[in-house]
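Engineer: Quick one: sequence plus predicted model below, questions after.
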Amino acid sequence: MRIVRYAVPIFYAARAVSAESTRSPLSPTNIFAPASTPADAISGLSFLVLTVTGAIFLAVFCLLLWALVKFRERPSSGRGEPAQVYGSTQIELAWTVIPVLIVVVLFLATVRVIASVQNATPPAGAVRVTVIGHQYWWEFRYANSSVVTANELHVPVSDLAHPTPTFLTLLSADTDHSFWVPRLAGKTDLIPNHPNSMWIDPHETGLYLGQCSQYCGVQHAKMLLRVYVQTREQFDHWIEQQSRPAVASDPVDEGRRTFESTACVNCHSVSGTVATGKFGPDLTHLMSRDTIGAGATVNAPENLRRWIQDPKAFKPGCLMPAMGLSDSQLDAVTAYLETLR
């Protein structure tokens, strides 16, 4: 059974938003501006529920107001208590049948949306990505390719005439997480030893922000993610670029030598080198990403150097330790990582 939540929890806004997203008139996390079929279905259901419950609220409020005005006590009226009605079959049927009908309508509408979202069949040519939640970052592995990246998911835009959705297999490497990009789909949980799935078919190119929406530890609020929706040509070019090994550097280069002689290689991978760790993000194309630390800060050389020096300065409680490098070693390793594009 898939575990999907359609409630709207408090959302921590992503702090590292590109200039492209800040120019947009729409919030990148606006659930009422759906840009994908699953999100559109959930938004429609939300408006239906708000309309029905709003009408109920308005009716009850008006009845209460009418009763207060009509039956208020007037000193000069001399009237006693108004006539009392007991055992009215009509009233009892009304307050039983009408709520039951409302609940049935909302139940059937909800079931329809859940079924349409969960039972979708992947068409030929659908992009498949395995999403693995870690404390506190995201790993993305693209099927039928060697592409592995972190925190920034790239997908092709889906043409309504010829849909090309992206199907996500959701796994957890440690504790409970939840994948949520408000404008693209409902939040879906990642449970250890319980594979889950979801899909998106973005109709517009651009940047969409999301994050883990299930409390997973002290840095849950900074477990951010970014979805880049590109044209098919841009996406294919990105896949081709990400499939390449790391740009070869001089094996005696001080930065590479320092990187490969420390515990960095036990956690991180860089294709074409001795670094084959799986515990931390793959760094093969690190500098092609806009952020580091799962959106904790912008991926700039000065931030990268400080991140290596003391990750907890950006993300207190993160699992990456400070390596205790000297200033010269920090400069050398930063310069080496800047070549990984």
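Structural biologist: Ah, there it is.
Engineer: lowest-pLDDT helix or strand in the chain?
Structural biologist: Ranked by mean pLDDT, DSSP states H and E, the weakest helix or strand in the chain is helix 19-23, scoring a mean of 39.
Engineer: For the spatially most central residue of the chain, give me the backbone phi and psi.
Structural biologist: Residue closest to the average C-alpha location in the chain (C-alpha atoms, centre = their mean): Trp180, at 2.8 Å. Note on Trp180: backbone dihedrals following degrees, to the nearest 10 are phi -140, psi 120.
Engineer: Show me the beta-bridge partners of it.
Structural biologist: Note on Trp180: beta-bridge partners Gln211, judged by DSSP bridges.
Engineer: and the gap between it and Ala294?
Structural biologist: Distance of Trp180 to Ala294, given as C-beta to C-beta, to the nearest Å: 14 Å. In short, each C-beta sits where N, CA and C put it, glycine included.
Engineer: Quick check, Pro156 in contact with Ala126.
Structural biologist: No. Counting by C-beta atoms under 8 Å, Pro156 stays clear of Ala126, with 10.1 Å between them.
Engineer: between these two, which one's more packed in?
Structural biologist: Legend: neighbour count by other C-beta atoms under 10 Å for Pro156 and Ala126, higher for Pro156 (23 against 17).
Engineer: which residues does the more buried one contact?
Structural biologist: Residues in contact with Pro156 (C-beta atoms under 8 Å, 6 or more residues apart in numbering) are Val127, Thr164, Thr166, Val229, Gln230, Thr231, Arg232, Phe235, Asp236.
Engineer: Taking those, please make a PyMOL selection of just the buried ones.
Structural biologist: The buried residues among the contacts of Pro156 can be selected in PyMOL (16 or more other C-beta atoms under 10 Å) with this line:
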select buried, resi 127+164+166+229+230+235
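Engineer: starting at the chain centroid, how far to stretch 119-135?
Structural biologist: For stretch 119-135, the gap between its own C-alpha mean and the chain's C-alpha mean amounts to 14 Å (C-alpha atoms, centre = their mean, to the nearest Å).
Engineer: mind listing the helices for the protein?
Structural biologist: Applying DSSP state H to the chain gives helices spanning 19-23, 37-70, 89-118, 232-242, 254-260, 264-267, 301-309, 327-337.
Engineer: nearest to Gly317, of these?
Structural biologist: Nearest of the helices of the chain to Gly317, taken as C-beta to C-beta: helix 301-309 at 14.5 Å.
Engineer: any residues in contact with both of Pro156 and Ala126?
Structural biologist: Common neighbours of Pro156 and Ala126, using C-beta under 8 Å, 6+ apart, are Thr164, Thr166.
Engineer: how far away is Arg289 from His203?
Structural biologist: Between Arg289 and His203 the distance, using C-beta to C-beta, works out to 25 Å.
Engineer: wait, I meant Gln214
Structural biologist: For Gln214, the distance to His203 - C-beta to C-beta - is 27 Å.
Engineer: so Ser116 sits right up against Gly44, yeah?
Structural biologist: No. Assessed by C-beta under 8 Å, Ser116 is found out of contact with Gly44, at 10.6 Å.
Engineer: who touches the residue nearest to Ala263 when sequence neighbours are not counted in this structure?
Structural biologist: Once flanking residues are discounted, Ala263 sits nearest to Met323: 7.0 Å by C-beta to C-beta, 6 or more residues apart in numbering. The contact partners of Met323, by C-beta under 8 Å, 6+ apart, come to Thr262, Ala263, Cys264, Ile308, Gln309.
Engineer: what about the last one, neighbour count?
Structural biologist: Right, the one you point to is Gln309. If you count neighbours by other C-beta under 10 Å, Gln309 ends up with 17.
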